[in-house]
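Q: fold the following, please.
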Amino acid sequence: MISYRARFVPAEDGGFVIDFPDLGGYSQGDDEEDARSMALDLLRTLVEDRMRRSEAIPAPRKYRGSIYRDIVLPVSESAKVELYIAMSAKGVSRLALAKRLGLSKREMESLLDLSSPTTLQQIERAYEFLNLKVQLTVRPAA
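A: Modelled structure (predicted):
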């Protein structure tokens, strides 16, 4: 799963100012719950923006301290980001993958769009082309 540490700095007027040291960007939340929701939206936006511009997604660093919170993308979104990272690492373009999978340009963009619904089977086919396997691990919630 794609997980980054967000910095939650208490704001003078209440709530939190949020940023991701590895990715940049800022947001704000009125309380812990709102700040977590805003942080997830910000993480999606920052990652999607890098993917749209064909930029590298940096590996998350480990930050310690009480002001940091783990923000985790949902499974389907994480699978898409990991696919993008794998494509970049193997030098496979969107066009090459689309041709190999018999996808239109629109379908290929949907495959990497975090907000577009994609079946696990579609994502697995893309991983298979890259000679990679998808594994799912289920564990108790923290």
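Q: starting at the chain centroid, how far to the longest helix anywhere in the chain?
A: In the chain, with assignment by DSSP state H, the single longest helix is helix 32-52. Here the centre of helix 32-52 is set off from its chain's centre by 9 Å, with C-alpha atoms, centre = their mean, to the nearest Å.
Q: got it, and stretch 80-100?
A: How far stretch 80-100 lies from its chain's middle: 15 Å, per C-alpha atoms, centre = their mean.
Q: dump the C-alpha coordinates for it into CSV.
A: Below are the C-alpha coordinates for stretch 80-100, written out as CSV (Å, rounded to 0.1, in the frame of the first residue of the first chain):
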residue,chain,number,x,y,z
LYS,A,80,-2.4,2.0,-9.8
VAL,A,81,0.4,4.0,-8.3
GLU,A,82,2.6,0.9,-7.9
LEU,A,83,1.8,0.1,-11.5
TYR,A,84,2.9,3.6,-12.6
ILE,A,85,6.1,3.2,-10.5
ALA,A,86,6.8,-0.3,-12.1
MET,A,87,6.2,1.1,-15.6
SER,A,88,8.7,3.9,-15.0
ALA,A,89,11.3,1.5,-13.5
LYS,A,90,11.1,-0.8,-16.5
GLY,A,91,11.0,2.0,-19.0
VAL,A,92,7.5,1.0,-20.4
SER,A,93,5.5,3.8,-21.8
ARG,A,94,1.7,4.2,-21.5
LEU,A,95,1.5,3.8,-25.2
ALA,A,96,3.5,0.5,-25.2
LEU,A,97,1.4,-0.9,-22.3
ALA,A,98,-1.9,0.2,-24.0
LYS,A,99,-0.9,-1.5,-27.2
ARG,A,100,0.1,-4.7,-25.4
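Q: quick one, strands of the chain?
A: 3-10, 16-20, 24-29, 68-72 (DSSP state E).
Q: so what strands line up beside the longest one?
A: Just to be clear, that refers to strand 3-10. strand 16-20 (antiparallel), strand 68-72 (antiparallel) (DSSP bridges).
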